[in-house]
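K.L.:
model this:
(2 chains)
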Amino acid sequence: AYPLGGGRGLCAVRPEGDPSVATRAPPQRPGVPGRERSQRKPISSGRGVSANEDSATRTSLPCAGRLFSWSRPSTAFYLFPAAQRSRDMSRKRHRLVPETFGLKRRRELGDVEADPLRGESGSARAAVAEIVRLFPRVLFEDALPPIALRSQVYSLVPDRTVADRQLKALQEQGEIRIVQLGFDLDAQGIMFTEDYKTRVLKACDGRPYAAAVQKFLASVLPACGDLSFQQDQMTQTFGFRDPEITQLVKAGVLTVRDAGSWWLAVPGAGRFIKYFVKGRQTVLSMVRKAKYRELLLSELLGRRAPASVRLGLAYHVHDLIGAQLVDCVSTTSGTLLRLPET
Amino acid sequence: LDGPLLAKVLGLELNKDRDVERIHCSGVNTLDIEPVEGRYMLSGGSDGVIVLYDLENSSRQPYYTCKAVCSVGRSHPDVHKYSVETVQWYPHDTGMFTSSSFDKTLKVWDTNTLQIADVFNFEETVYSHHMSPVATKHCLVAVGTRGHKVQLCDLKSGSCSHILQGHRQEILAVSWSPRYEHILATASADSRAKLWDVRRASGCLITLDQHNGKKSQAAESANTAHNGKVNGLCFTSDGLHLLTVGTDNRMRLWNSSNGENTLVNYGKVYNDSRKGLKFTVSSGCSSEFVFVPYGSTIAVYTIYSGEQITMLKGHYKSVDCCVFQSNFQELYSGSRDCNILAWVPSLCDSVPDDDDEDLSSPTRDQTHTSYSGSMES
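P.N.:
The predicted structure follows:
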């Protein structure tokens, strides 16, 4: 298992501090037979159990003397800063594991190969901009505004309350629009208002409802920053007649919420939602199928994206971490994604 | 006052020297500590049994079991037929307590004789009841049942005096405000939480809206507090804020005067309880904490910042209720494994308080750390 073979090698290899290096043979000792195999194996195989058993054999190793300094975050922390939160139990359990490795961590900010994200975003605005950069515009032929999800912002901004308040402030300033994506009442999509306006205008160009949509974008959007609109608000304050509201629903700009109340919507978002739901389930199943139902983040991002994941692995991983559909555990080899027991 | 008390709450651990005598043979659904002295605790179980415990340590030993003083057992002629969902002491003295149960009754008991003083019968099973802790002008008990109406029963006259209409599904939790004796909050399975003023004849004051949308009459019907059933309610100790938990695994903090969602985000607060979830807040500390049953553990959060402090592990099955004893900063929790556990703060260095002689000895702390260590493995 990994700790057996890799323990000796870890002392020499780790100072590069890069999980991507671990998957290749280390330059110093190419001849040692078991090393390549053990290092390609994901850390999840038998790590917890065998590490404890090996503590007896460790005393003879040269690197066993140094104490592990536990608090160093992994590379992935800088990419997914909210992932540093781990539950009490797991933090205590892993204190046993690094003592057997016995090495001081000198990890620098490395570049994980598959991931273009760099650094964490201190503010919600920067977080939304980062996710927007991850969004695959080509897939939708630029007809859809780049959508970020609220859970992805939580994965980049560690303090959720601060993230919520900043998003609320941005919403009030009119910089972003939040829409309710239909599949889950919890999942809300965030996009920049400018993007939304340009795409919607382009989508309804030359259609019979173009006039109603333009009137809506010009008068209602700047005035009302909410997620939903009420009947009396639309008819009295903004002067929309019932046929015009029907045209807006046909255009896909409004979706029915309740009698006399509508959610703001993105036209053509159906395809995005379909890919998103499918992709989220696929990425979750990748974690579920792994041994012990846990997977190193670097390993997950390094895998080839299955065909059903059209939006990109990094996009989905941000969403899973932020929505707490997986638990993030910091380990010596990086962030570990584990399915929660509940 | 704040420093040592704050340290105590942050240092809550399962205490192997403090035990609560195990009387219940089935899950403990509800706990209540009397507000006058903080000495007596009531517990209600799924078998209909109600037990009264004395929490005070009168022996000079550190090893102490909270003994049951008396109980309403299965052999009692007036015992509840089905599971007791809520018990509550009479807020002004310990001579009386109330209990409500799935057998569609609310019973008022005389503590000294353990006899029933009054019974209120309802048409549906009772999920929750609450009596206002600060009321001087009324003796109303708010009762939430499986029916869609909140009933207010008057203890003085012995009849149901008010009905509050507005919810569309069963009422899972009710709570009076600790600040104003006329303000009542109710939570229902239709995803709505409402604030009522019982003096008003017309409908509710506010329906809490999680999106903080525009307030208008038409919008009221579409406002939801959670994206699932709203399971539990708790006012903060000053009554200015209200916490709600829902089956959408969220906990929300609301401003109780205008119903605004403060957007404090506690993350995922796992909740799959099909009936009410009884959680509690600390009182008397500088920064307030909320203790929420989270599966078989209890999650502790700071109320106003949303940060998770710790998870208290010790129960074997799901935790149903917890209460906070503010005099000693102790937490008692009851769970489906029939145990009531005491979480007592362990102090690293003994603070010379004369009311804490059984808590601050150094040997106890070593046993604490070793005990909590063995719990982890």
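K.L.:
got the residues of chain B near chain A?
P.N.:
B:211-214, B:216, B:218-219, B:221-222, B:227, B:248, B:250, B:263-268, B:270, B:272, B:295, B:305-308, B:310-311, B:313, B:376 (CB under 8 Å from any CB of the partner chain). Quick note: C-beta positions are derived from backbone N, CA and C, even for glycine.
K.L.:
among those, which ones are in strands?
P.N.:
When the residues of chain B next to chain A are checked against strands (DSSP state E), the matches are B:Arg250, B:Gln308, B:Thr310, B:Met311, B:Lys313.
K.L.:
please indicate which of the residues you listed are buried?
P.N.:
Burial by neighbour count, 16 or more other CB atoms under 10 Å in any protein chain shown: within these this picks out B:Arg250, B:Gln308, B:Thr310, B:Lys313.
K.L.:
can the lengthiest helix in chain A be found next to chain B?
P.N.:
Across chain A, the helix with the greatest residue count (assigned by DSSP state H) is helix A:269-289. No. Helix A:269-289 lies apart from chain B when judged by CB under 8 Å from any CB; the minimum separation is 14.9 Å.
K.L.:
how about the helices in the stretch 251-377 of chain B?
P.N.:
B:362-376 (DSSP state H, counting those that start in this stretch).
K.L.:
whoops, I mixed them up, the stretch 151-300 of chain A
P.N.:
According to DSSP H, counting those that start in this stretch, the stretch 151-300 of chain A carries its helices in the segments A:160-173, A:193-203, A:210-215, A:221-223, A:231-232, A:242-251, A:269-289, A:297-302.
K.L.:
please work out which of the ones you listed is packed deepest.
P.N.:
For the helices of the stretch 151-300 of chain A, the largest average neighbour count (mean count of other CB atoms under 10 Å in any protein chain shown) is found in helix A:297-302, namely a mean of 23.
K.L.:
report all helices and strands that it contacts.
P.N.:
Applying 3 or more CB pairs under 8 Å, 6 or more residues apart in numbering or on different chains; DSSP states H and E, one finds that helix A:297-302 contacts helix A:19-22, helix A:75-79, helix A:269-289, helix A:313-322, strand A:334-338.
K.L.:
the same query, at a cut-off of 7 Å, please.
P.N.:
helix A:313-322, strand A:334-338 (3 or more CB pairs under 7 Å, 6 or more residues apart in numbering or on different chains; DSSP states H and E).
K.L.:
still on that earlier bit, need the buried ones from the residues of chain B next to chain A selected in ChimeraX.
P.N.:
Filtering the residues of chain B next to chain A down to the buried ones (16+ other CB under 10 Å) takes a single ChimeraX command:
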select /B:211,212,213,219,222,248,250,263,264,265,266,267,268,270,295,306,307,308,310,313
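K.L.:
in chain B, where is pLDDT below threshold?
P.N.:
B:1-9, B:214-220, B:286, B:346-377 (pLDDT under 70).
K.L.:
any chance of TSV for the helices and strands packed on helix A:297-302, columns mean neighbour count?
P.N.:
Listed next are the helices and strands packed on helix A:297-302 as TSV, based on neighbours: other CB atoms under 10 Å in any protein chain shown:
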stretch	mean neighbour count
helix A:313-322	24
strand A:334-338	25
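K.L.:
chain B contacts on the stretch 101-250 of chain A?
P.N.:
A:160-161, A:164-165, A:168, A:185-186, A:226-228, A:230-233 (CB under 7 Å from any CB of the partner chain).
K.L.:
B:Lys317: what's it in contact with?
P.N.:
Applying CB atoms under 7 Å, 6 or more residues apart in numbering or on different chains to B:Lys317 gives the contacts B:Ser296, B:Ser335, B:Arg336, B:Asp337.
K.L.:
what about the third one, how many residues close to it?
P.N.:
Around B:Arg336 sit 17 other residues, with neighbours defined as other CB atoms under 10 Å in any protein chain shown.
K.L.:
doesn't B:Gly27 make contact with it?
P.N.:
Yes. Assessed by CB atoms under 7 Å, B:Arg336 is found in contact with B:Gly27 at 3.7 Å.
K.L.:
what is in contact with those two at once?
P.N.:
B:Asp320.
K.L.:
show me where the stretch 1-150 of chain B has its strands.
P.N.:
B:12-14, B:18-20, B:28-33, B:40-45, B:50-54, B:64-66, B:68-72, B:84-89, B:96-101, B:105-110, B:115-121, B:126-131, B:140-145, B:150-154 (DSSP state E, counting those that start in this stretch).
K.L.:
can I get these in JSON lines including mean neighbour count?
P.N.:
Supplementary listing: the strands of the stretch 1-150 of chain B in JSON lines, determined by neighbours: other CB under 10 Å:
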{"stretch": "strand B:12-14", "mean neighbour count": "20"}
{"stretch": "strand B:18-20", "mean neighbour count": "21"}
{"stretch": "strand B:28-33", "mean neighbour count": "24"}
{"stretch": "strand B:40-45", "mean neighbour count": "25"}
{"stretch": "strand B:50-54", "mean neighbour count": "22"}
{"stretch": "strand B:64-66", "mean neighbour count": "18"}
{"stretch": "strand B:68-72", "mean neighbour count": "17"}
{"stretch": "strand B:84-89", "mean neighbour count": "25"}
{"stretch": "strand B:96-101", "mean neighbour count": "24"}
{"stretch": "strand B:105-110", "mean neighbour count": "20"}
{"stretch": "strand B:115-121", "mean neighbour count": "15"}
{"stretch": "strand B:126-131", "mean neighbour count": "24"}
{"stretch": "strand B:140-145", "mean neighbour count": "25"}
{"stretch": "strand B:150-154", "mean neighbour count": "21"}
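K.L.:
now these in CSV, with distance to B:Ile171?
P.N.:
CSV is the format used below for the strands of the stretch 1-150 of chain B (distance: least, CB to CB, whole Å):
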stretch, distance to B:Ile171
strand B:12-14, 32
strand B:18-20, 30
strand B:28-33, 16
strand B:40-45, 18
strand B:50-54, 22
strand B:64-66, 32
strand B:68-72, 25
strand B:84-89, 12
strand B:96-101, 12
strand B:105-110, 13
strand B:115-121, 15
strand B:126-131, 6
strand B:140-145, 3
strand B:150-154, 6
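K.L.:
bridging residues for B:Glu13?
P.N.:
B:Val344 (DSSP bridges).
K.L.:
wait, which of the contacts of B:Lys317 is closest to chain A?
P.N.:
Among the contacts of B:Lys317, B:Ser296 lies closest to chain A (CB to the nearest CB), at 9.1 Å.
K.L.:
the closest one touches B:Leu312, doesn't it?
P.N.:
No. Applying CB under 7 Å as the test, B:Ser296 and B:Leu312 come out as separate, 10.3 Å apart.
K.L.:
these two: which is more packed in?
P.N.:
B:Leu312 (24 against 18).
K.L.:
please parse chain A into its domains.
P.N.:
As given by the TED database, the domain ranges for chain A are A:205-267, A:270-338.
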